[in-house]
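Peer 1: Just the structure for this:
(one chain, ligands or ions: 2)
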Amino acid sequence: MSLIDWNRQCEPELTSESDWMNRRSFIRCAGLFGTAILLGGCFPEVKELEEIDFDLERAQSAGLPGPDQLTPLRKVTAYNNFYEFGTGKEDPASFAHSLVTEPWTVSVEGHCENPGVLDLDQLLEAQTVEERIYRMRCVEGWSMVIPWQGVSLGKVLERFKPLPQAAFVAFETLFDPEMMVGQRYPHLPWPYLEGLRMDEAMHPLTLLATGLYGKDLPNQNGAPLRLVVPWKYGFKGIKSIVAIRFVEKMPPATWANYVPSEYGFFANVNPEVSHPRWSQRMERRLGEIKRRRTLPFNGYGEEVSSLYTGMDLKKWF
Ligand SMILES: Nc1nc2c(c(=O)[nH]1)N[C@H]1C(S)=C(S)[C@@H](COP(=O)(O)O)O[C@H]1N2
Ligand SMILES: [Mo]
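Peer 2: Ligands and ions are numbered 1, 2, ... in the order given. Predicted coordinates:
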């Protein structure tokens, strides 16, 4: 089955989270496409979903984390990191309504044959919107499982014909203190910046997300366009992107530059490398009581570990 057919079959016409949760056909056709890439093992026993539900109930009553389950929509949209709207977890949900996302333009710059300033529709035209269920692990030690909609970043980038000098891709968030109240305060240097090595940007798991749970991205989750790199800590997932730049050298990234002793450019999820102030071995999945083990590359090692052959992953945080 081609990806396009898969998307057609999985067309998200869901309005509520309970629709989504009940939609066994979605889960089943995701299984047809292959859990390895799309779900990255989120639902390892897709066909036995009924059984998983049963086990889950038992596991939860015993206080043990079960298999990965979608994080409820209300948690995905009420507990956020988006410092442009404040440093508290509930600030983005309270203040991000002031962000105007239409019209929205993205400037594509740097070492490529076809640079340009595009509005969002132009940037996304000719792309297939896919559904991806990914784990997201924040460096602070909490995690979620989120059903995203989005387009493959690599396919978007190809259109601009990157030149051989383009070894990295840099991303920039909107700077607009009128709309983004947190930017009136210097708790981070603005604008928020992130970057990927070219091969990471081109990897099929890397997503430019436009929605979640079948709806356009809520402002607090980075509307209208944010990056999702599921094997890296959440801070790599830069929100509300207005610029994409092909560059020669490793570009500045907000957290890695601001606190280099605590955060790195690569930021691959790694339970073996502690943050200077806490261990990364375990995580708290929102909605669960017991903590669960953090997986190397957040569980996507089979797909991505070859990107880092020869790199000392303990050193290259
Ligand atoms: N522009 C911008 N992007 C950002 C952040 C931010 O503060 N500003 N926070 C990052 C962090 S630390 C995390 S964990 C994720 C959180 O994404 P979520 O709120 O959608 O769960 O967004 C990342 N992207
Ligand atoms: Mo984070």
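Peer 1: How about the contacts made by the closest residue to Trp104 other than its chain neighbours?
Peer 2: Among residues not flanking Trp104 along the chain, Leu120 sits closest, at 4.6 Å (C-beta to C-beta, 6 or more residues apart in numbering). (Each C-beta comes from the backbone N, C-alpha and C, glycine too.) Neighbouring residues of Leu120 by C-beta atoms under 8 Å, 6 or more residues apart in numbering: Pro103, Trp104, Thr105, Val106, Pro224, Leu225.
Peer 1: And Pro103, by the same measure?
Peer 2: Contacts for Pro103 (C-beta under 8 Å, 6+ apart) come out as Asp119, Leu120.
Peer 1: Helices of the stretch 1-150 of the chain, residue ranges please.
Peer 2: Listed in chain order, the helices of the stretch 1-150 of the chain (DSSP state H, counting those that start in this stretch) span 3-9, 17-22, 24-33, 35-38, 49-61, 73-76, 91-95, 120-124.
Peer 1: Least reliable of these by average pLDDT, please.
Peer 2: Here the lowest mean pLDDT among the helices of the stretch 1-150 of the chain goes to helix 3-9, at a mean of 32.
Peer 1: Okay, buried residues for stretch 299-308 please.
Peer 2: Of the residues in stretch 299-308, Gly299, Tyr300, Gly301, Glu303, Val304, Leu307, Tyr308 count as buried by neighbour count, 16 or more other C-beta atoms under 10 Å.
Peer 1: Of the residues you listed, which is the nearest to Pro164?
Peer 2: Of all the buried residues of stretch 299-308, Leu307 has the smallest distance to Pro164: 18.7 Å, by C-beta to C-beta.
Peer 1: backbone phi and psi for the residue of the stretch 1-150 of the chain found nearest ligand 2, please?
Peer 2: Of all residues in the stretch 1-150 of the chain, the one sitting closest to ligand 2 is Cys138 (3.4 Å; C-beta to the ion). Here is the backbone geometry of Cys138 (degrees, to the nearest 10): phi -80, psi 150.
Peer 1: Name the nearest residue to it, sequence neighbours excluded.
Peer 2: Gly234 (4.1 Å).
Peer 1: And the one you found, how far from Asp68?
Peer 2: As defined by C-beta to C-beta, to the nearest Å, Gly234 lies at a distance of 16 Å from Asp68.
Peer 1: wait, Ala201 sits on Leu153?
Peer 2: Yes. Judged on C-beta atoms under 8 Å, Ala201 makes contact with Leu153 at a distance of 5.7 Å.
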